[in-house]
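Enquirer: Task: produce atomic coordinates for the following.
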Amino acid sequence: MAMILDGKAVAAQVKEDLAQRVRALRARGVTPGLGTVLVGDDPGSLKYVAGKHRDCQEVGIASIRRELAADASQQELLDVIAELNADPACTGYIVQLPLPEGIDQNAVIDAIDPAKDADGMHPYNLGELVLHTRGALTTPLPCTPSGVLTLLRHYGIDLDGRRVCVLGRGITIGRTIGLMLTRADVNATVTLCHTGTKDVAAHMREADVVIAAVGRAGFVRPEDVKPGAVLVDVGVSRLPGADGRLRVHGDVDHGCYALAGAYTPNPGGVGPMTRAMLLRNVVEMAERAAGVDAVE
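Expert: Predicted coordinates:
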């Protein structure tokens, strides 16, 4: 029977550890603070931001919210970013994506102070990840790839020398997880498949681990999976059920579970880990600022 990689349970353990670390920081007079910047009233974005602040409350991180109207100008948004960059109460922050049409997303990300980049997606921090393939990093890591690796480590899944097929080349997971998988302490062999890849199914069948992040429900089918493979389902699609209500579906068809050695449920796998890694980035930023050694 395949092992279920329970992201909810592992994320809860991560948050318990972070709560202890936050208490230790507070005892030194330091309170970590997570800022969120939301432009507009997109229902999905509102839900994600609210969830992040609930997570903060669980572990004792202060919440800092900045909300702008959907017709806010790029300069208004940059002014808020400059404010958070200068605010000592804000340890780290995120700008919720996507942004409204007419705002240059890259210019906004560039304006974030790399030391406060809670998502780990600033070009400087990604550059550090590219340059330093050995040893500990002292810059924030991209949350979703970090969550995937933390989950696999928790369950004792060793990736050294394993063939990993990553589906999708988005910056949130596809391109960035390849950088982390090929670091010396992980040492996996990575194939990155995208829209230009010939015979994607053949690459999946050869893989010991498949990380699916294409956002197409059921894209990974049983005939594409090597028996005993580890399946990590990052993709999210919302499709109407029989009652007409939208439900979350992952990239991995449930029929693959019987063949897998281990798999992440979706929902309940990678999503909770991504949110936990955001909190961990904020706590580690606070620890670095306070001169406290981060706990791995």
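
Enquirer: count of residues packed around the closest residue to Met3 other than its chain neighbours?
Expert: Computed as C-beta to C-beta, 6 or more residues apart in numbering, the closest residue to Met3 that is not its neighbour in sequence is Ala262, at 4.1 Å. Any C-beta I mention is one placed from the backbone N, CA and C, and that applies to glycine too. A total of 19 residues lie near Ala262 under the criterion other C-beta atoms under 10 Å.

Enquirer: Before we move on, what's the pLDDT of Ala262?
Expert: In this model, Ala262 is scored at 98, pLDDT.

Enquirer: isn't it right next to Ile157, touching?
Expert: Yes: counting by C-beta atoms under 8 Å, Ile157 is a contact partner of Ala262 at 6.5 Å.

Enquirer: Touching both of those two, which residues are there?
Expert: Listed as contacting both Ala262 and Ile157 by C-beta atoms under 8 Å, 6 or more residues apart in numbering are Val230.

Enquirer: Helices along the stretch 1-150 of the chain, start to end?
Expert: Taking DSSP state H, counting those that start in this stretch as the criterion, the stretch 1-150 of the chain contains helices spanning 7-27, 43-59, 74-86, 105-111, 123-131, 143-154.

Enquirer: How about the residue nearest to Met3: which residues does it bridge to?
Expert: According to DSSP bridges, the partner residues bridging Ala262 are Met3, Val230.

Enquirer: Identify the residue spatially nearest to Ser237, adjacent ones excluded.
Expert: What sits nearest to Ser237 in space, not counting adjacent residues and going by C-beta to C-beta, 6+ apart, is Ala217, at 4.1 Å.

Enquirer: tally of neighbours for that neighbour?
Expert: Other residues near Ala217 come to 18 when the count uses other C-beta under 10 Å.

Enquirer: can you check the one 3 residues further on too?
Expert: Around Val220 sit 26 other residues, with neighbours defined as other C-beta under 10 Å.

Enquirer: which regions of the stretch 151-296 of the chain lie under the pLDDT threshold?
Expert: Flagging of the stretch 151-296 of the chain using pLDDT under 70 yields the residue ranges 294-296.

Enquirer: Which stretches in it count as strands?
Expert: Using DSSP state E, counting those that start in this stretch, the strands of the stretch 151-296 of the chain run over 163-167, 189-193, 209-212, 230-233, 237-240, 246-249, 262-263.

Enquirer: Tell me the strands beside the second one, with direction?
Expert: Yep, that's strand 189-193 we're talking about. If you go by DSSP bridges, strand 189-193 pairs up with strand 163-167 (parallel).

Enquirer: Could you check how far Ala118 is from Pro142?
Expert: For Ala118, the distance to Pro142 equals 11 Å [C-beta to C-beta, to the nearest Å].

Enquirer: meant to ask about Gly33, not that
Expert: Using C-beta to C-beta, one gets 21 Å for the distance from Gly33 to Pro142.

Enquirer: more crowded one of the two?
Expert: Regarding Gly33 and Pro142, a neighbour count based on other C-beta under 10 Å identifies Pro142 as having more, with 26 against 22.

Enquirer: And stretch 175-188, how far out from the chain middle?
Expert: A distance of 15 Å separates the centroid of the chain from that of stretch 175-188, by C-alpha atoms, centre = their mean, to the nearest Å.

Enquirer: wait, doesn't Leu259 sit right on Arg221?
Expert: No: counting by C-beta under 8 Å, no contact exists between Leu259 and Arg221, whose distance comes to 10.3 Å.

Enquirer: If you count surrounding residues, which of those two has more?
Expert: Each of Leu259 and Arg221 had its neighbours counted (other C-beta under 10 Å), and the higher figure belongs to Leu259 (17 against 13).
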